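Participant: Any chance you could fold what I've pasted below:
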Amino acid sequence: MSTVSQRLAALRGAMEAAGVAAYLIPTGDPHSSEYLPAHYNSREYFSGFTGENSTLVVTMEGSALWADGRFFVQAEKELAGTEIQLMRMGEPGVPTVEEYCAAHLAEGQSLGLCGLTASCLLVRELQKVLDPKGVEVRTLTLEDQLWVEGRPALPATPAWLLPAEYAGATPGQKLARLRQKLAERGCTAQMVGKLDNLAWLLNLRAMDIQCTPYAMAYCFVTQTDAVLFINGQRLAPEAAQALAGDGVQLADYDSVLTWLERYDREQTVLADPDSVNYAVFRALEGNPHLTVKSLPDPLLPMKGVKNETELAHSRECHLRDGVAMVRFQKELEERMAAGETLTERTVDEILHKYRSAQDKFLVESFGTIAAYGANAAMMHYHATDADHAVLQPKGFLLVDCGGTYLDGTTDITRTYPMGPLTEEERLCYTWTLQSHIELARAVWLDYCTGQMLDTLAREPLWQHLINYRCGTGHSVSFVGNVHEGPHALNGRNQVRFQPGMVVTDEPGVYEGGRLGIRIENELECRHKEDNQYGTFLCFEPLTWVPIATSPIVPGVLTREQLDWLNGYHRKVFQLLAPRLTEDERNWLAAKCAAIGA
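Facilitator: Numbering: from 1, shown residues only. So this is what the prediction gives:
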């Protein structure tokens, strides 16, 4: 097995042969996916960093990797001993990827990247700073040349259609909605590149990406037809027949570039530069029959607002998931009390046992994060067989997990007290819970954006000069990826919230080397009331699982916050108790007991 240093040396040799002075490797696949098929983990292969949302740039003299605040601690650990410089995104004095490339490249030099794994938006941002310097961006495939041994194959799992009884609409009905949106934008066609948008549009599902039920595919939609680029042998005959009935033709996945280059009908094509890869975008722009409009993908807001069928199934799905979480916590506590030696890996095993036993379970919605003690300070820490902690009867265990079912997708975090806690741990837990509650009980006028609502959650922690380097929450797909858009709770999101949107509420405290605390529920945005002042909206939890109350410092939560917490626990018991055994109900009753009365 080669080392990171050896891989970087080989990459520099290939760069020199290709005549490029720098090479950029994004976290990406041909569909701008957040979680990648293993085949496309090139950035991880060349850097050793296993986190998300990062970019590696290699020059002849050095290399740097950009990571966001969720991964600072993890990146420091995984890059240690390599030449790679960690660039902490968003921190003062840290250059952007574009600024770094401009500073390290001179006139007449070239930067290389893979056109299939780089979005058009990424290349355009690079060209803004490199074109004025006379630096060319070239599309190459150095990753494919160098990463041969041990590279996972391209995924090709069986593809199927989510029944309309769960999705709430057929592909034909969704295509009709999309065509109307395209006409409103002056377009006659769209190139659909993102897998989550395509999955929603055609109700198409597979397991090409770990923990994400999507199929690697593209779709070209016009006002009269649609072409799905996928290996047709993967589709069950009944699925192919159903799609054909909705006017969807099949073409081979690998033919997409040549098909677009040879297309001979006049179309005005909407292509979102943030989700269509650079190679596909160039094929569109290079075809004289196609007029390309760079516009945001209309599918994103369409699927971001769940229909009533999706919401009804999601509510039921979360109750079954809640039962699994109760059974997990009960077993964990009993085995710890019995003196068993348990590890972070044991947590994953217990969770899978109970979640996979639930009706309609498909797969975990992401790799379980079971982080004990200081490990929880790494927001997306993952225990491995070679590197994991043994649980001790003290401190906190953070568990962030979820499941994808035939009728919904869940995402939940609980921070469990394992025994005696320090005063810092108890205070940070209590302040985190205050932040969680303040968002959950918020009421706002319908002009409020994700940026505005994000502030509500942070204020209790800001009072103590504490912040978390990530968003407060993200949208969750229906039977899909656990992170989607367009709405989110962070300091940048300008999307107005609407009834039917689902978002997570997950503030936290992360102190490197000491502790990590997070409390997360999924919330459903609902209409509250119309009056002379306008339309008021609110949140209702989708997640119904007890929140630990023993770490709470008395006298810190306000009366309103205590009332919310006690009301939440009354409903947890009311909803879950009928699904549990008598012994489990008694356990749950104790966990849901009112406090601060």
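
Participant: distance between stretch 469-486 and the chain's centre?
Facilitator: Here the centre of mass of C-alpha atoms in stretch 469-486, compared against the chain's by CA atoms, centre = their mean, to the nearest Å, lies 5 Å away.

Participant: need the strands for the stretch 201-350 of the chain, in chain order.
Facilitator: 204-205, 218-222, 226-229, 248-251, 267-270, 290-293 (DSSP state E, counting those that start in this stretch).

Participant: Redo these as JSON lines? Include distance to Arg151 and mean neighbour count.
Facilitator: C-beta here means a position set from N, CA and C on the backbone, and glycine is covered the same way. Below are those laid out as JSON lines (distance: least, CB to CB, whole Å; neighbours: other CB atoms under 10 Å):
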{"stretch": "strand 204-205", "distance to Arg151": "25", "mean neighbour count": "24"}
{"stretch": "strand 218-222", "distance to Arg151": "22", "mean neighbour count": "24"}
{"stretch": "strand 226-229", "distance to Arg151": "23", "mean neighbour count": "23"}
{"stretch": "strand 248-251", "distance to Arg151": "26", "mean neighbour count": "17"}
{"stretch": "strand 267-270", "distance to Arg151": "33", "mean neighbour count": "21"}
{"stretch": "strand 290-293", "distance to Arg151": "33", "mean neighbour count": "18"}
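
Participant: Just after the single longest strand found in the chain, pick out the following helix or strand.
Facilitator: Secondary structure of the chain read by DSSP state E shows that its longest strand is strand 521-531. Using DSSP states H and E, the helix or strand that directly follows strand 521-531 along the chain is strand 534-541.

Participant: That next one: how far from the chain's middle?
Facilitator: Centre to centre, stretch against its chain (CA atoms, centre = their mean), the figure for strand 534-541 is 24 Å.

Participant: what's the next secondary structure element after that strand?
Facilitator: Per DSSP H and E, strand 534-541 leads on to helix 559-576 as the next helix or strand towards the C-terminus.

Participant: How about the helix or strand just after that next one, which residues are buried there?
Facilitator: For helix 559-576, the following helix or strand on the C-terminal side (DSSP H and E) is helix 582-591. Neighbour counts using 16 or more other CB atoms under 10 Å place 584, 587-588, 591 of helix 582-591 among the buried residues.

Participant: Give me the helices and strands touching helix 582-591, please.
Facilitator: In this structure, helix 582-591 makes packing contacts with helix 308-337, helix 559-576, judged by 3 or more CB pairs under 8 Å, 6 or more residues apart in numbering; DSSP states H and E.

Participant: Highest mean neighbour count out of these?
Facilitator: Most buried of the helices and strands packed on helix 582-591 by mean neighbour count (mean count of other CB atoms under 10 Å) is helix 308-337; its value is a mean of 19.

Participant: any idea how far Gly286 is from Thr341?
Facilitator: The span separating Gly286 from Thr341 equals 62 Å under the rule CB to CB, to the nearest Å.

Participant: okay, the two: which has more neighbours?
Facilitator: Neighbours were tallied for Gly286 and for Thr341 using other CB atoms under 10 Å; the higher tally belongs to Gly286 (12 against 9).

Participant: how far away is the closest residue to the more buried one other than its chain neighbours from Gln561?
Facilitator: Distances taken as CB to CB, 6 or more residues apart in numbering place Glu261 nearest to Gly286, at 6.6 Å, with adjacent residues excluded. Glu261 sits at a distance of 60 Å from Gln561 (criterion: CB to CB).

Participant: gap between the longest strand of the chain and the chain center?
Facilitator: Distance of strand 521-531 from the chain centroid (CA atoms, centre = their mean) equals 23 Å.

Participant: orientation of that strand relative to strand 534-541 in degrees?
Facilitator: An angle of 160 degrees separates the directions of strand 521-531 and strand 534-541 when computed by axes from the mean of the first three to the mean of the last three CA atoms, to 10 degrees.

Participant: sorry, back to before: can you tell which of the strands of the stretch 201-350 of the chain is closest to Glu316?
Facilitator: With CB to CB as the criterion, Glu316 lies closest to strand 204-205 of the strands of the stretch 201-350 of the chain, at 18.8 Å.

Participant: Can you give me the domain assignment for the protein?
Facilitator: If the domains of the chain are taken from automatic domain parsing, they occupy 4-146, 160-303, 305-590, with pieces of a single domain joined by a plus sign.

Participant: Dump those domains to TSV, plus distance to Ala153 and mean pLDDT.
Facilitator: Shown next, in TSV, are those (distance: least, CB to CB, whole Å; pLDDT from 0 to 100):
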stretch	distance to Ala153	mean pLDDT
domain 4-146	6	94
domain 160-303	11	96
domain 305-590	19	96
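
Participant: how about those in JSON lines, adding distance to Pro152?
Facilitator: Putting these into JSON lines (distance: least, CB to CB, whole Å) gives the following:
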{"stretch": "domain 4-146", "distance to Pro152": "4"}
{"stretch": "domain 160-303", "distance to Pro152": "10"}
{"stretch": "domain 305-590", "distance to Pro152": "16"}
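
Participant: Compare those domains and report which one is nearest to Leu154.
Facilitator: Leu154 lies closest, by CB to CB, to one member of these: domain 4-146, at 5.2 Å.

Participant: End to end on that closest one, go ahead and measure it.
Facilitator: Taking CA to CA, to the nearest Å as the measure, domain 4-146 stretches 13 Å from start to finish.

Participant: Equivalent analysis for stretch 355-366, please.
Facilitator: When the termini of stretch 355-366 are compared using CA to CA, they are 13 Å apart.

Participant: and what of stretch 356-372?
Facilitator: Here the two ends of stretch 356-372 are set 23 Å apart, with distance taken as CA to CA.

Participant: Can you point out the buried residues in it?
Facilitator: Of the residues in stretch 356-372, those buried by neighbour count under the rule 16+ other CB under 10 Å are 358, 360-366, 368-372.

Participant: For these, which two are the farthest from each other?
Facilitator: Spatial extent of these (CB to CB) is set by the pair Lys360 and Tyr372 at 30.9 Å.

Participant: returning to that earlier point: okay if I get the buried residues of stretch 356-372 as JSON lines plus secondary structure and distance to Val280?
Facilitator: Supplementary listing: these in JSON lines, determined by DSSP: H, G, I helix; E, B strand; the rest coil; distance: CB to CB, whole Å:
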{"residue": "Gln358", "secondary structure": "coil", "distance to Val280": "39"}
{"residue": "Lys360", "secondary structure": "coil", "distance to Val280": "35"}
{"residue": "Phe361", "secondary structure": "strand", "distance to Val280": "35"}
{"residue": "Leu362", "secondary structure": "strand", "distance to Val280": "29"}
{"residue": "Val363", "secondary structure": "strand", "distance to Val280": "28"}
{"residue": "Glu364", "secondary structure": "strand", "distance to Val280": "31"}
{"residue": "Ser365", "secondary structure": "coil", "distance to Val280": "28"}
{"residue": "Phe366", "secondary structure": "coil", "distance to Val280": "27"}
{"residue": "Thr368", "secondary structure": "coil", "distance to Val280": "34"}
{"residue": "Ile369", "secondary structure": "strand", "distance to Val280": "34"}
{"residue": "Ala370", "secondary structure": "strand", "distance to Val280": "39"}
{"residue": "Ala371", "secondary structure": "strand", "distance to Val280": "38"}
{"residue": "Tyr372", "secondary structure": "strand", "distance to Val280": "44"}
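
Participant: Done for today, thanks.
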